[in-house]
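> compute the structure for the input listed below.
(one chain, ligands or ions: 1)
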Amino acid sequence: MVSTPSPPGPRARFPGAHLLAFSRDRLGFVCRLKDAYGDVVAFRLGPERAVLLSHPEDIHEVLVLQHRAFVKGRRGDVSKQFLGQGLLNSEGALHQRQRHLLQPAFHRQRLAQYATVMTTYAVRLGQSWQDGDTLDMAPAMMRVTLAIAAKTLFDTDVEGEAAAIGRAITTLLQGSPRMTLPLAPLLRRLPLSSQRRLRRAQDYLDTLIYRLIDERRTAGGETGDVLAMLVGAQTEDGNPLSPQLIHDEALTLLLAGHETTALALSWTWYLLAHHPDVDTAMQAELQTVLGGRLPTVEDLPQLQYTRMVLTEALRLYPPAWLMTRRARQEVVIGDYRFPPGTFFLLSPYLTHHDARFFPDPEAFVPTRWAAPPETDPARYAYLPFGGGPRQCLGEGFAWMAGLLVLATVAQTWRMRLVPGPPVAPWALVTLRPKHGIHVQLARR
Ligand code: HEM
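From the prediction side, this is the model:
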């Protein structure tokens with residue numbers, strides 16, 4: 001028998017108070033709610049009835065067991081404005097069709113073909129560095145993962161444009177918290193300089209993607225990359241996909257395919273620089289398994305400690321730190337019943353930092369993954385790639401790119417943090433390092 005009391009939660013001091021607090025400091029806001037009210041917290045987020053769920057069993061209910069009762073995101077979600085109907089945002093039959101269409105690009109054998117591209121770009125990055133250089137690892141990782149995504153998925157070289165693409169994406173992500181405010185439609189029509197910047201960034205990326213699509217159409221031939229798959233695909237009624245949908249899918253993959261992987265790597269470098277003992281242990285493994293040569297796909301199963309390092313970095317700093325769902329119908333989660341339209345926030349960051357599931361949760365301890373939990377729902381305490389039918393399509397790609405770049409670069413370079421502003425997480429759509437990750441490089 002299910003009771004129907006409301007879950008605990010804060011009252012807003014004035015209408016919009018929580019939305020304002022959330023927009024200002026998203027991560028701090030959800031951490032405070034969980035600390036104060038527990039695993040299920042109800043609150044108003046502007047006009048929305050919102051619920052923060054932080055227990056793995058409840059998250060498992062939403063993402064897996066009852067997934068049909070939910071759609072993704074919020075009404076007017078920012079990413080819908082620039083990623084349109086791409087795979088991250090589409091729903092129902094369109095989502096299923098498009099996921100089915102793109103899946104082959106992420107099959108195991110296909111991924112294996114991407115490995116050389118991944119190590120080649122990692123080598124190039126390392127070769128552009130000098131002993132003693134100081135640099136911000138965050139943009140460096142963005143550039144290398146962007147080049148990898150563009151080459152593997154679209155068979156195109158964007159290294160020359162990587163900085164401009166990175167700036168445009170940052171502009172869109174920075175503008176995103178503001179674009180979720182109730183007044184966002186009005187804001188968008190005002191001639192504000194922030195709005196002009198957003199529009200310019202969006203125009204720049206749109207032009208780039210349409211150019212890539214045109215180049216692929218003109219080149220023709222069967223390259224077999226994702227762009228060719230999209231250009232050659234048909235809708236249910238036998239028509240080609242609309243240019244808009246091809247654009248949305250391509251931009252989604254370019255963004256989803258590099259931003260999160262770059263962040264995973266950036267946070268990993270930060271943690272390694274902070275923990276020389278872990279750096280030394282990882283180095284010992286790289287020397288034993290690779291002995292100075294470049295890593296290949298076949299080496300990956302042997303790089304167990306390196307994988308634990310990446311796994312632990314993804315626990316402490318999950319790049320996709322927040323997932324959101326809206327109930328399409330009445331749903332029952334645990335002891336509570338929620339009306340249709342309820343907006344759910346599920347944060348891997350919160351479960352990853354919960355001492356009930358990860359003892360001494362703030363400590364960086366890669367060896368905690370020597371015997372990973374295998375059973376549900378404990379598995380849902382660790383969910384950097386989400387779960388259920390909307391689980392990350394690029395998970396295999398991300399592990400491979402992450403491990404190959406890490407193993408390639410770490411064999412030659414050691415990073416030492418340089419004094420500067422503190423390294424702190426900054427929760428936009430993804431979890432970025434607020435002031436970057438500034439390091440000095442030393443050749444090993
Ligand atoms: C460390 C790297 C990555 C992390 C942490 C990550 C995380 C996630 C998460 C949590 C989701 C689920 C979002 C939700 O349920 O609301 C997701 C979805 C997705 N990711 Fe990733 N991702 C990563 C890398 C990649 C890569 C490399 C690609 C493509 C090359 C990719 C493509 C996608 C796509 C297309 C979806 C939407 C899947 C769907 O809804 O069917 N991701 N990702």
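> by contact count, what packs against the helix or strand containing residue 173?
Here residue 173 sits within helix 162-179, counting by DSSP states H and E. Using 3 or more Cβ pairs under 8 Å, 6 or more residues apart in numbering; DSSP states H and E as the contact test, the elements touching helix 162-179 are helix 78-83, helix 137-154, helix 184-189, helix 193-219, helix 243-274. (Glycine included, C-beta is placed from N, CA and C.)
> mean pLDDT and mean neighbour count for the ones you listed - can I get that in TSV?
Shown next, in TSV, are the helices and strands packed on helix 162-179 (pLDDT from 0 to 100; neighbours: other Cβ atoms under 10 Å):
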stretch	mean pLDDT	mean neighbour count
helix 78-83	74	21
helix 137-154	93	24
helix 184-189	54	12
helix 193-219	87	15
helix 243-274	94	24
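> make sure residue 354 is indeed in a helix.
No: per DSSP: H, G, I helix; E, B strand; the rest coil, residue 354 lies outside any helix segment and is coil.
> next up, the contacts around it.
Shown in contact with residue 354 (Cβ atoms under 8 Å, 6 or more residues apart in numbering): 54, 361, 381.
> report the separation between it and the ligand.
Distance, residue 354 to the ligand, using Cβ to the nearest ligand atom, to the nearest Å: 17 Å.
> over to residue 282?
18 Å.
> also residue 321?
On the measure of Cβ to the nearest ligand atom, residue 321 and the ligand end up 9 Å apart.
> try residue 383
7 Å.
> ok so, going back, closest to the ligand among the contacts of residue 354?
residue 381 (14.2 Å; Cβ to the nearest ligand atom).
> in this structure that closest one contacts residue 358, no?
Yes: look at residue 381 against residue 358 with Cβ atoms under 8 Å: they come within range, at 7.2 Å.
> mutual contacts of these two, please.
What both residue 381 and residue 358 touch, as defined by Cβ under 8 Å, 6+ apart, is the set residue 352.
> where does pLDDT dip in the stretch 51-200 of the chain?
74-79, 176-192 (pLDDT under 70).
> tell me, how many residues neighbour the residue nearest to residue 66 when sequence neighbours are not counted?
Leaving aside its sequence neighbours, residue 66 sits nearest to residue 331 (Cβ to Cβ, 6 or more residues apart in numbering; 6.1 Å). Neighbour count for residue 331, taken as other Cβ atoms under 10 Å: 20.
> returning to what we had before: any chance of the helices and strands packed on helix 162-179 in a markdown table, with distance to residue 231 too?
Converted to a markdown table, the helices and strands packed on helix 162-179 look like this (distance: least, Cβ to Cβ, whole Å):
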| stretch | distance to residue 231 |
| --- | --- |
| helix 78-83 | 19 |
| helix 137-154 | 11 |
| helix 184-189 | 31 |
| helix 193-219 | 6 |
| helix 243-274 | 6 |
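> quick one on the thing from earlier: which ones are touching the residue nearest to residue 66?
So residue 331 contacts 66, 69, 70, 337, 338, 342 (Cβ under 8 Å, 6+ apart).
> how about 7 Å then?
66, 69, 338 (Cβ atoms under 7 Å, 6 or more residues apart in numbering).
> phi first, then psi, for the nearest residue to the last one once chain neighbours are set aside.
Read that as residue 338. Once flanking residues are discounted, residue 338 sits nearest to residue 331: 5.2 Å by Cβ to Cβ, 6+ apart. Note on residue 331: backbone dihedrals following degrees, to the nearest 10 are phi -130, psi 150.
> ok, residue 331 to residue 429 distance?
Distance, residue 331 to residue 429, using Cβ to Cβ, to the nearest Å: 25 Å.
> before we move on, back to that, find me the pLDDT at the residue nearest to residue 338, would you?
pLDDT recorded at residue 331 is 97.
> distance check, it against the ligand.
17 Å.
> show me what residue of this structure gets nearest to the ligand.
Counting by Cβ to the nearest ligand atom, the chain gets nearest to the ligand through residue 394 (2.1 Å).
> residues touching the closest residue in space to that residue that isn't next to it in sequence, list them.
Nearest residue to residue 394, sequence neighbours excluded (Cβ to Cβ, 6+ apart): residue 257, at 5.7 Å. Shown in contact with residue 257 (Cβ under 7 Å, 6+ apart): 149, 153, 394, 397.
> the first one against residue 254, yeah?
It stands for residue 149. Yes: counting by Cβ atoms under 7 Å, residue 149 does reach residue 254; the two are 5.8 Å apart.
> let's have the contacts of residue 331 in CSV, adding distance to residue 92 and neighbour count.
Shown next, in CSV, are those (distance: Cβ to Cβ, whole Å; neighbours: other Cβ atoms under 10 Å):
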residue, distance to residue 92, neighbour count
66, 16, 17
69, 13, 19
338, 21, 22
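> show only the entries of those found in strands.
Judged by DSSP state E, strands contain the following of the contacts of residue 331: residue 338.
> how about the contacts of residue 331 in JSON lines, adding distance to residue 10?
Shown next, in JSON lines, are these (distance: Cβ to Cβ, whole Å):
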{"residue": "66", "distance to residue 10": "26"}
{"residue": "69", "distance to residue 10": "26"}
{"residue": "338", "distance to residue 10": "17"}
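> tell me the one among the contacts of residue 331 nearest to residue 437.
Closest to residue 437 out of the contacts of residue 331 is residue 66 (38.7 Å), distances taken as Cβ to Cβ.
> how close does residue 110 sit to residue 431?
28 Å.
> okay, these two: which has more neighbours?
residue 431 (23 against 16).
> I'd guessed the more buried one sits against residue 315; true?
No: using Cβ under 7 Å, residue 431 makes no contact with residue 315, being 12.0 Å away.
> how about the residues of the chain near the ligand?
Residues of the chain lying close to the ligand (Cβ under 6 Å from any ligand atom) are 72, 87-88, 99, 149, 252-253, 256-257, 260-261, 264, 319-320, 323, 384-386, 390, 392-394, 397-398.
> verify the stated contact: residue 62 with residue 344.
Yes: if you go by Cβ under 7 Å, residue 62 and residue 344 touch, sitting 5.9 Å apart.
> show the pLDDT at residue 13.
Reported pLDDT for residue 13: 82.
> name the SS class of it, please.
coil.
> how many residues are close by it?
9.
> residues contacting the closest residue to residue 50 other than its chain neighbours?
In space, and not counting its chain neighbours, residue 50 is closest to residue 343: 4.6 Å by Cβ to Cβ, 6+ apart. By Cβ under 7 Å, 6+ apart, the contact list for residue 343 reads 45, 48, 49, 50, 74, 324, 326.
> of all these, which comes closest to residue 247?
Once Cβ to Cβ is applied, the member of those that ends up nearest residue 247 is residue 74, at 22.6 Å.
> all the helices of the stretch 301-444 of the chain, residue numbers only.
304-316, 348-352, 395-412 (DSSP state H, counting those that start in this stretch).
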